[in-house]
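Participant: What follows is a predicted structure for the sequence shown.
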Amino acid sequence: MSAENVASTETSVWYADGLRFTCTRCGACCTGAPGYVWVTDEELERIAEFLGCDVREVRHRYTKRARAGRTLIEQENGDCVFYDRQGKACTIYPVRPVQCRTWPFWPGNVANPQAWAATCQICPGAGRGRLHSADEITQAAHETKMR
Ligand code: SF4
Ligand code: SF4
């Protein structure tokens, strides 16, 4: 079944009326405790093209191998290597990995109302702002799960 079909056949999800989210650019999900931001070869190619450098250089300078694949490295303060604290922005925003693009609609975050409420506690943009449709949310969750 394609991702498109998965999204369009989800009719009984608890978030059928959609969920609100608009990023406040607080930076919490790009900073703080160490974590994993998984990147595929295709994403690395897009990042390299965006930065105007060789994909091998991007792989070497900005990523490392981890248990389940390749992940972005962090700055000394724990911020993602691509986070600009002064500008409060992702420096590769248009080509950021799918994990970043689909937040906060990750499967675990939208599994039930309790999980979503917990997500709203850690992400100030979740639960307010633009209303995302159920299909959009399911599509994002599915895209994340397929990684
Ligand atoms: S935690 Fe939420 S509001 Fe803050 S930068 Fe991340 S997505 Fe945006
Ligand atoms: S790639 Fe960009 S959006 Fe993703 S964690 Fe790093 S700074 Fe944040």
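Facilitator: In hand now; what should we look at? Residues are numbered from 1 along each chain as shown. Ligands and ions are numbered 1, 2, ... in the order given.
Participant: rest of the way, CA atoms for contacts and neighbours
Facilitator: Will do.
Participant: For the protein, just list every one of the helices.
Facilitator: Using DSSP state H, the helices found in the chain span residues 3-9, 41-51, 55-62, 98-102, 113-122, 134-145.
Participant: now the end-to-end length of stretch 28-45.
Facilitator: 26 Å (CA to CA, to the nearest Å).
Participant: between the longest strand along the chain and helix 113-122, how big is the angle?
Facilitator: Longest strand in the chain by number of residues, with DSSP state E as the criterion: strand 126-132. Here strand 126-132 runs at an angle of 110 degrees relative to helix 113-122 (axes from the mean of the first three to the mean of the last three CA atoms, to 10 degrees).
Participant: In contact with residue 96: list those residues for me.
Facilitator: 43, 47, 90 (CA atoms under 8 Å, 6 or more residues apart in numbering).
Participant: residues near the last one, how many?
Facilitator: Other residues near residue 90 number 19, with proximity taken as other CA atoms under 10 Å.
Participant: My read is that it contacts residue 82, right?
Facilitator: Yes: if you go by CA atoms under 8 Å, residue 90 and residue 82 touch, sitting 5.8 Å apart.
Participant: So which residues on the protein come close to ligand 1?
Facilitator: When proximity is defined as CA under 6 Å from any ligand atom, the chain approaches ligand 1 at 23-29, 123-125.
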